[in-house]
Each structure stands twice: as C-alpha cells, then as structure tokens.
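[1] test case, fold it:
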Amino acid sequence: MEWFEQAQAAEQRRDWDAAIALVSARAECYSIDPHRHDSHLWHVDLLARADRLSELTERALTDVHARRRLNTSLRERGMEAALRNRPKDGDRGALYVLVRLLCETSRTQEAHRAVQDFGPDDQYAHQIVARFRSPSGGAQ
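    Numbers count the residues shown, from 1 in each chain. This next block holds a predicted model:
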C-alpha cells in the first residue's frame, strides 16, 4: 500500500500519530512540488484534528498555514480567550477571526473595541465591523 493510502486509512481510523507521521514526512510548505505543498496543508489539518494545538501553536510562529488553521481551530472549539491572546502578539489573522466571531454573535461593540485595542489602524478589521453594522450586513 502506498504511503498516501496508508495515511488516508490511518486518518479514517483516527490514528493521528500514524497519519501525521506519514504525511509530515512528505510535507513541505511552499514547495514547487504541489504534492508536497498539499501534504503540508494536510499535515497542518491533521494536527488540528488531532487536538495538537500546542504543536500547531509552535508551528504558527513561522508558518502562515499553521497560523490560519490554529485560529480557525480556536474558533471552532469555542476557545475565545486563546483567540483573543493571539492579536496581542501581532497575529492579524486572529484579529479578523475574532472580530468576525464577535460580530456574528451579536457583539459588534465588543468587536469594535477589539479592533481599537489590537489594530486601530487596520482598515480591513474596521471594514469587517462596518459590514456587520450596515443594514445589509445583518448588524445591530
């Protein structure tokens, strides 16, 4: 059985250690080989699904894909406090995820405050809040 099928089978069994080991051996971020890059994205996803958030957090320091997946995972798990800590360290993606979460849960004022605290000059963060405040944005 080829490594790919082995990794898929391990993933289906939720044998995260085996799946991660098989995929990470072939993963390379921004590789010119699209299969290696796809393996990198798969590896990051496996880490999140295996609840290896500490490993994902460590990788997020230098890997934009890990950073995005971590922020998404924190939101999916309802770990708002952990998500709030990330913009303090300069993670703009975490700010956007946090602002969307707050707006989508009818906490637009809190979202505005988060933008003021973590990215007062970040036009995109302001645009997210503005969309939710507009009549067509489903705002308050």
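[2] what packs against the longest helix along the chain?
    Counting by DSSP state H, the longest helix found in the chain is helix 34-49. Secondary-structure packing of helix 34-49 (3 or more CB pairs under 8 Å, 6 or more residues apart in numbering; DSSP states H and E): helix 16-24, helix 53-60, helix 64-76. For the C-beta atoms, the positions are set from N, CA and C on the backbone; glycine is no exception.
[3] as a markdown table, these with mean neighbour count and mean pLDDT would be great.
    Shown next, in a markdown table, are the helices and strands packed on helix 34-49 (neighbours: other CB atoms under 10 Å; pLDDT from 0 to 100):
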| stretch | mean neighbour count | mean pLDDT |
| --- | --- | --- |
| helix 16-24 | 19 | 97 |
| helix 53-60 | 17 | 96 |
| helix 64-76 | 20 | 97 |
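[4] looking at the ones you listed, which is closest to residue 3?
    Closest approach to residue 3 among those (CB to CB): helix 16-24, 5.3 Å.
[5] which residues touch that closest one?
    3, 6-7, 10-11, 39, 42-43, 46-47, 49-50, 52 (CB atoms under 8 Å, 6 or more residues apart in numbering).
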